[in-house]
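[1] Need coordinates for the below:
(chains A and B)
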Amino acid sequence: MAKQAEKKNLELPAELEQYYRDMVFIRHFEEKCNMAYRQGKAGGYMHVYIGMEALAVGWMHSIRKGHDYVITAYRDHAHALLLGTDPVAVMAEIMGRKAGTAGGKGGSMHIYDPKNGMYGGWGIVGGHVPIGAGLAFASRYRGDDRVTLNFLGDGAANQGVVYETLNMAALYSLPCIFIIENNEFAMGTRLEYHAADTELWKRGLPFDIKSERIDGMDVIQMKKDAERIIEWVRKEGKPYLVEIMTYRFSGHGAADNDRQLYRTKEEELENMKRDPIKRLEHILIERNIANDEKLEAIDAEIQEVVDKIYAAADASPFPDVEEVYDNIYSDMQPEKGH
Amino acid sequence: MSTTLEMTYRDALQKSMLEEMDKNADVFLMGEDIGRYEGTFKVTKGMFPKYGHRRVIDTPITEAGFAGIATGAAMAGLRPIVEFMTMSFSILALDQIINHTAKVHYMTNGEVKCPIVFRGPGGAAKQLSAQHSHSMEGWYAHVPGLKVVCPATPADIYGMLKTAVDDDNPVILYENPGLYTVKGMVPDDPEFKVPFGKAQILKEGKDVSLIGYSRMTQINLATAELLAKDGIDAEVVDVRSLLPLDTETIYNSVRKTHRAIVVYEDWRSGGFGAEIAARIGEDCFDDLDAPVSRVGGLNVPMPYARVLELQCIPDENDVIAAVHKLR
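    Residues are numbered from 1 along each chain as shown, chains lettered A, B, ... in the order given. So this is what the prediction gives:
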C-alpha cells in the first residue's frame, strides 16, 4: 500500500535511475558511433539520437518488450538498444561486421531484431509507415493484443503514403500508434519551411484518429503519456497519433557537418537547455536520489561499458565475400557473377 | 490418378485461391474492389460472400498503402495475396515493392520472411489506352528479392498461384487480361503445383524456337500452327518463370533448332525479352545459324483506337515475319 501511494506521486528511485542510465547509455553509444564514423570505422548514412533520448526511453519502458511491435526509420539505434538488442551486434552492424544484427548487410539505418520486437530500421522517409500498420493489421487479423509503435519523423509526416496509411489504420481499426518524433528539422529543412501547418498532431484528425502533441524532453512525463496511450490503444484496438516535441542536438546525419546552414549556434544553445539528461539530473538531485558524485560515477561506468562494446565490435571480422549472395531469398540464391 | 477439368484461366485462378484459403487461415486477399464488387475482371467473384470482410479485404484506392500493409502483415507471418486492379497501378506501389518488400529478407539477414503474392492483370486488355496497358513484368524481374512468374495456361496459373502462396518470398504473379477467357485442361488436384524456374516446351519442333511467356505463348502456339502449313516446324518454349529463369530449357531448344525468336508484349526496347535474347547470344553463339531475333511491343504508349492498339501488340503475323527474316 505504501508503495502504491508513493508511486501515485513520485516514481520509484530505482525506476528513475534506470531511465537515467538508459539515456546516458544511448548518448554515449551515439557519441561513439560519431567517433566511429570520423575514424572511418562506419560509413554510409548514419543518424544519431542525441538530444532525443527521453522519447525512446519513455516509450520502450511502457511496452511489453518482445510482444509488441516496434518499427522506425533510419534513426534507429536507440529503439533497438532499448528493446534489448545486443549492443555489440548493433555497433558491429554500424561498422559493417559479420557479427552485426544484419551480418553487415544493413548498416546503421537497418537495425532489425524481430525476436525483441524490432522490425527496423528503414531508409525511405515515410516508407515504413504502412509496413508498421501491416504489423498492426496482423494483430487485428489474429485478434491478439499486440500494440505497434510506428515511429516517424516530422519530415515523414508530409509523405503521401503516410496519409494512405492513416486512412487505412482508422478504416480497419488497427492497434497502431503513430509517433511523430518532431525534432524540428526534415534533414536541413526547418519545420516552418516544410509543413504548411506546423502542428503535426492535427494530421490524425481528418481520419478521426485520436491525436495529441506532447513534450518529449521530460522522460518522466514521456513515460506517463506513453503508458496512458498504449493502454488506451491496447484496450480500444484503435490507432492513435502523437506528435512529440523534441530536438536533435546533432546534425541530421554523420555527414551533416555544417549545422549553421539551417540553424544558429544560439538556437542550439537555447535548446540544449531542454536536454533530457540534464533535466532528469536535476530531478534526481532534487529528490535526493543521487548527488553529483553518483551521477558522475554512473556516467563513467556507462562510458566504460560503451568503450567495451566498441572494442568488441571493432575486434569482430568483416563478412566473408561469399556471403554477398546470401539471404536475398529464403530458398535460393540469385545468379552469380557480373 | 488425378483427372483433369476443362476451365478458363480465370476460373482456374479463382479455384486455386479458394483452395489455398481453405487450406490455410493465414491466407487472405486484399485489393481494390475485390470484395463486394467482385473484382474488375471478376477473378474474385463469390469470394467475399464466402469469406467475409476479414479475409477478402476491399481497400481504398491507395496502392502504396495497401502494398505496405500487406508487407507488414507478411513480416508478422500472414500470407497475403494482393490484387492490383491492373499492374499499371502497381507503379504507385513500386517504392513499397522494390524498396521495402523485396528487401525484407535481405535487410533482416534472413530473420524475417515476407510471404506475399502480388497479382493482377498486366499488359494490354482492349482499348484501355496509354495508362492502363503497361507490361510491368520486366521491371519486377529486374529486382533481386522478388520472384516473377507469367503463366500462360489455365493449368499453370492454377499450379503457380499455389506455389506462389506457399513461397516464403514475395512473388509477382503476372496475368495478361487477354488470357482470362482462354480455356484449358486443369488437374483436378488441390495439391497440384507448378514449380518456379522451370520453362516448358509446349510444342516440339526442329526449325526455330519461339520463346515467350504469358499471352505471347498463346500467340506462339497459334503461330506454330500457321507455320506448319508452310512446312516450318517451330518449337514453342514457354518461359513461365522470369525470376528465377530456366535458361537450360531455353538453351536446349536453341541448340536443337539453331534459330531463336523471343516474343514479348512489353516495349521492345529494354523489355525482359531483350534479357533472354542477350543470354542466348552470350551462351549459344556457336549453336545459332542466325542472329537471335526479338519481336516486342512497339516502343510507343498504348493507343486507344483499336486499329492502332492492335498494331502495337505482337501477333502471329509479326512472329511469322520474323521467322521468314531469319531464313
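[2] where do the strands sit along the chain?
    Because you didn't say which chain, this covers chain A. Using DSSP state E, the strands assigned to chain A run over residues A:69-72, A:118-121, A:148-153, A:176-182, A:185-186, A:189-190, A:210-215, A:240-245.
[3] was after chain B, sorry
    Under the criterion DSSP E, chain B carries strands at the ranges B:4-8, B:27-31, B:56-58, B:79-83, B:117-121, B:147-149, B:171-175, B:183-187, B:200-203, B:208-212, B:234-238, B:241-243, B:260-267, B:293-297.
[4] Summarise which helices and strands the third one is packed against.
    Spelled out, that is strand B:56-58. Contact here means 3 or more C-beta pairs under 8 Å, 6 or more residues apart in numbering or on different chains; DSSP states H and E; on that basis strand B:56-58 packs against strand B:27-31, helix B:47-55. In this view, the C-beta of every residue, glycine as well, is placed from N, C-alpha and C.
[5] which residues touch the first one?
    Applying C-beta atoms under 8 Å, 6 or more residues apart in numbering or on different chains, the external contacts of strand B:27-31 come out as A:141, B:17, B:20-21, B:39, B:44, B:47, B:51, B:54-59, B:66, B:69-70, B:78-85, B:120, B:165.
[6] cutoff 6 Å now
    Here strand B:27-31 makes contact (C-beta atoms under 6 Å, 6 or more residues apart in numbering or on different chains) with B:20-21, B:55-57, B:59, B:66, B:70, B:79-83, B:165.
[7] now do stretch B:162-169
    Contact partners of stretch B:162-169, identified using C-beta under 6 Å, 6+ apart, comprise A:329-330, B:16, B:20, B:27, B:113, B:115, B:117, B:147, B:171, B:173, B:193-194, B:196.
[8] Drop anything exposed from these.
    Neighbour counting over those (16 or more other C-beta atoms under 10 Å in any protein chain shown) leaves A:329, B:16, B:20, B:27, B:113, B:115, B:117, B:147, B:171, B:173, B:193-194, B:196 as the buried ones.
[9] Of the residues you listed, which is the nearest to residue A:125?
    Looking at those and their distance to residue A:125, the nearest is residue B:113, at 25.6 Å (C-beta to C-beta).
[10] Output the set of residues of the stretch 101-250 of chain B in proximity to chain A.
    Applying C-beta under 6 Å from any C-beta of the partner chain, we find that the stretch 101-250 of chain B lies next to chain A at B:105-113, B:144-145, B:168-169.
[11] can we see that at 7 Å?
    Counting by C-beta under 7 Å from any C-beta of the partner chain, the residues of the stretch 101-250 of chain B lying close to chain A are B:105-113, B:144-145, B:168-169, B:244.
[12] Would you mind checking these for buried ones?
    Neighbour counting over these (16+ other C-beta under 10 Å) leaves B:105, B:106, B:107, B:108, B:109, B:110, B:111, B:112, B:113, B:145, B:169, B:244 as the buried ones.
[13] wait, which of the strands of chain A is closest to residue B:151?
    If you check each of the strands of chain A against residue B:151 by C-beta to C-beta, strand A:118-121 wins as the nearest, at 32.7 Å.
[14] where does residue A:253 land on pLDDT?
    For residue A:253, the pLDDT comes out at 89.
[15] Go ahead and confirm it touches residue A:47.
    Yes: here residue A:253 reaches residue A:47: they are 4.8 Å apart, a contact under C-beta atoms under 7 Å.
[16] ok, for the closest residue to chain A within the stretch 101-250 of chain B, nearest residue in space, not its chain neighbours?
    Among all residues of the stretch 101-250 of chain B, residue B:110 sits closest to chain A, at 3.7 Å; criterion: C-beta to the nearest C-beta. On the basis of C-beta to C-beta, 6 or more residues apart in numbering or on different chains, the spatially nearest residue to residue B:110 that is not a chain neighbour turns out to be residue A:327, at 3.7 Å.
[17] Looking at the buried ones among the contacts of stretch B:162-169, spot the one nearest residue A:249.
    Closest approach to residue A:249 among the buried ones among the contacts of stretch B:162-169 (C-beta to C-beta): residue B:113, at 38.4 Å.
[18] what residues are up against the residue in chain B positioned nearest to chain A?
    Here the residue of chain B nearest chain A is residue B:72; by C-beta to the nearest C-beta that distance is 1.9 Å. Each residue near residue B:72 by C-beta atoms under 7 Å, 6 or more residues apart in numbering or on different chains is listed here: A:130, A:131, A:132, A:133, A:134, A:135, A:137.
[19] pLDDT value on the residue of the stretch 201-338 of chain A at minimum distance from chain B, please?
    Here the residue of the stretch 201-338 of chain A nearest chain B is residue A:327; by C-beta to the nearest C-beta that distance is 3.7 Å. For residue A:327, the model assigns a pLDDT of 97.
[20] got it, and residue A:1?
    Turning to residue A:1, the model gives it a pLDDT of 42.
[21] how about residue B:44, what does it touch?
    Contact partners of residue B:44, counting by C-beta under 7 Å, 6+ apart, are B:14, B:29, B:34, B:38, B:56.
[22] returning to that earlier point: give the contact list for the residue nearest to residue B:110.
    B:105, B:106, B:109, B:110.
[23] Next: residue B:319.
    If you count contacts by C-beta under 7 Å, 6+ apart, residue B:319 has them with B:210, B:219, B:220, B:223, B:261, B:263, B:295.
[24] count of neighbours near residue B:24?
    When counting by other C-beta atoms under 10 Å in any protein chain shown, one arrives at 13 neighbours for residue B:24.
[25] Show the contacting residues for it.
    For residue B:24, counting by C-beta under 7 Å, 6+ apart, the contacting residues are residue B:79.
[26] Up against chain B, what does the stretch 101-250 of chain A have?
    Proximity of the stretch 101-250 of chain A to chain B is assessed by C-beta under 7 Å from any C-beta, with A:102-103, A:105-106, A:110, A:112, A:114, A:119-120, A:124, A:127, A:130-135, A:137-138, A:141, A:161, A:164-165, A:167-168, A:171 identified as the residues in range.
[27] When you filter the residues you listed down to buried only, what's left?
    Buried members of those, counted by 16+ other C-beta under 10 Å: A:102-103, A:105-106, A:110, A:112, A:119-120, A:124, A:127, A:130-135, A:137-138, A:141, A:161, A:164-165, A:167-168.
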